[in-house]
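Novice: coords below, sequence missing:
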């Protein structure tokens, strides 16, 4: 087994890394290994100067600062593991400075726009009730789309008003859903779900075809269709309502660590991007409405 394979196995076993994450690390490590071998070095015996030279070459080739920062982060993780398990005596990249990257702010929606989006589905139909319930739950709980479509019927506890979510790394968390979302789930379970499923005992909370869980792609298509109905013209992403959930909580005074727990972020720094979103919105409002803005 190669040292790269051993490292990726450790990531999977110890951290529950997804296939996407493992593929990204393999790509970075393989590219670095090929770069080293072209100059007579190996993955476990590089010089820090070699990496700096490669960064400069990548910049000349048009790679963005963010891409190079992510690459260095990947390689540092590998070398920390290699040192811990005795493959190397010291980290060859320990003194390489990480490029400073200004965080890109996620696309989000104003509260009034969220309200329009939630009102877009035609709730006189079973499909409309399903979509309205999904949108309400997505916004009320700040779920990832993959978490939403992966919900099963037993994940929802209406008596306690919480939903059990399985996030990244198969880690479960309990998230309060709020009264509005709970009312829509109750209505959906009583009226729409039985009408949409041939076998209501199947586990998927929100079915697509053949009583199976709806795919992320299908739900994303539904969101875009409802955004057109709601006359929302700004760019959307599958995480738009998750971003709105976090930003609106902070705007109303929520503690950052509470938001971190609700989102299921393992690192607080991941959640801190939403403080930048809230600050950017305050600056925009000041510029628009202050007489000396």
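Specialist: Cool, the structure landed. Worth saying up front: this structure is predicted, and the values here are computed from it rather than measured.

Novice: Tell me where the stretch 1-150 of the chain has helices.
Specialist: 3-15, 19-37, 48-60, 65-84, 111-119, 126-141, 145-149 (DSSP state H, counting those that start in this stretch).

Novice: Looking only at the longest one, what residues are buried by neighbour count?
Specialist: What it means is helix 65-84. 68, 70, 71, 72, 74, 75, 76, 77, 78, 79, 81, 82 (16 or more other CB atoms under 10 Å). Just so you know, the C-beta spots here come from the backbone N, C-alpha and C atoms, and that holds for glycine as well.

Novice: My guess is residue 207 contacts residue 218. True?
Specialist: No - Residue 207 lies out of contact with residue 218 (CB atoms under 8 Å); the separation is 10.5 Å.

Novice: how's this protein carved up into domains?
Specialist: Here the domain assignment for the chain is 3-84, 111-287, based on automatic domain parsing.

Novice: End to end on stretch 195-215, go ahead and measure it.
Specialist: 19 Å (CA to CA, to the nearest Å).

Novice: What are the buried residues along that stretch?
Specialist: 196, 204, 205, 206, 207, 208, 213, 214.

Novice: Repeat that for stretch 156-175.
Specialist: 156, 162, 163, 165, 166, 167, 168, 173, 175.

Novice: and these as JSON lines, adding distance to residue 26 and secondary structure?
Specialist: What follows is the buried residues of stretch 156-175, written out as JSON lines (distance: CB to CB, whole Å; DSSP: H, G, I helix; E, B strand; the rest coil):
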{"residue": "156", "distance to residue 26": "37", "secondary structure": "strand"}
{"residue": "162", "distance to residue 26": "37", "secondary structure": "strand"}
{"residue": "163", "distance to residue 26": "34", "secondary structure": "strand"}
{"residue": "165", "distance to residue 26": "28", "secondary structure": "strand"}
{"residue": "166", "distance to residue 26": "25", "secondary structure": "strand"}
{"residue": "167", "distance to residue 26": "23", "secondary structure": "coil"}
{"residue": "168", "distance to residue 26": "18", "secondary structure": "helix"}
{"residue": "173", "distance to residue 26": "29", "secondary structure": "strand"}
{"residue": "175", "distance to residue 26": "33", "secondary structure": "strand"}
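
Novice: Rank these by pLDDT and give me only the lowest.
Specialist: In terms of pLDDT, residue 168 ranks lowest among the buried residues of stretch 156-175, with 77.

Novice: From residue 61, how far off is it?
Specialist: 32 Å (CB to CB, to the nearest Å).

Novice: and stretch 66-81, what's its mean pLDDT?
Specialist: 85.

Novice: any idea how far that stretch is from the chain center?
Specialist: 20 Å (CA atoms, centre = their mean, to the nearest Å).

Novice: hmm, who's touching that stretch?
Specialist: 7, 10, 24-25, 28-29, 32, 51, 55, 58-59, 88, 91-94, 96, 98-99, 101, 104 (CB atoms under 8 Å, 6 or more residues apart in numbering).

Novice: Report pLDDT for the residue with the largest distance to the centre of the chain.
Specialist: Seen from the C-alpha centroid of the chain, the residue lying at the greatest distance (CA atoms, centre = their mean) is residue 40, 39.3 Å away. Confidence at residue 40, expressed as pLDDT, is 85.

Novice: Just the closest of the buried residues of helix 65-84 to residue 233, please.
Specialist: residue 70 (31.0 Å; CB to CB).

Novice: ok, the closest one to residue 114 distance?
Specialist: 31 Å.

Novice: How many neighbouring residues does the residue lying closest to residue 181 once chain neighbours are set aside have?
Specialist: Excluding the flanking residues, the one nearest residue 181 by CB to CB, 6 or more residues apart in numbering is residue 140, at 3.8 Å. Look at residue 140: counted by other CB atoms under 10 Å, it has 22 neighbours.

Novice: Touching, residue 140 and residue 184? I think so.
Specialist: No - Residue 140 is beyond contact range of residue 184, at 9.1 Å (criterion: CB under 8 Å).

Novice: where does the protein have low pLDDT?
Specialist: 98-106, 269-270, 272-293 (pLDDT under 70).

Novice: Which residue lies nearest the spatial centre of it?
Specialist: Residue closest to the chain centre, computed by CA atoms, centre = their mean, is residue 144 at 6.1 Å.

Novice: What are the neighbouring residues in contact with it?
Specialist: 167, 239, 242.

Novice: if we go to 10 Å?
Specialist: Residues in contact with residue 144 (CB atoms under 10 Å, 6 or more residues apart in numbering) are 138, 150, 165, 167, 168, 216, 238, 239, 242, 263, 264.
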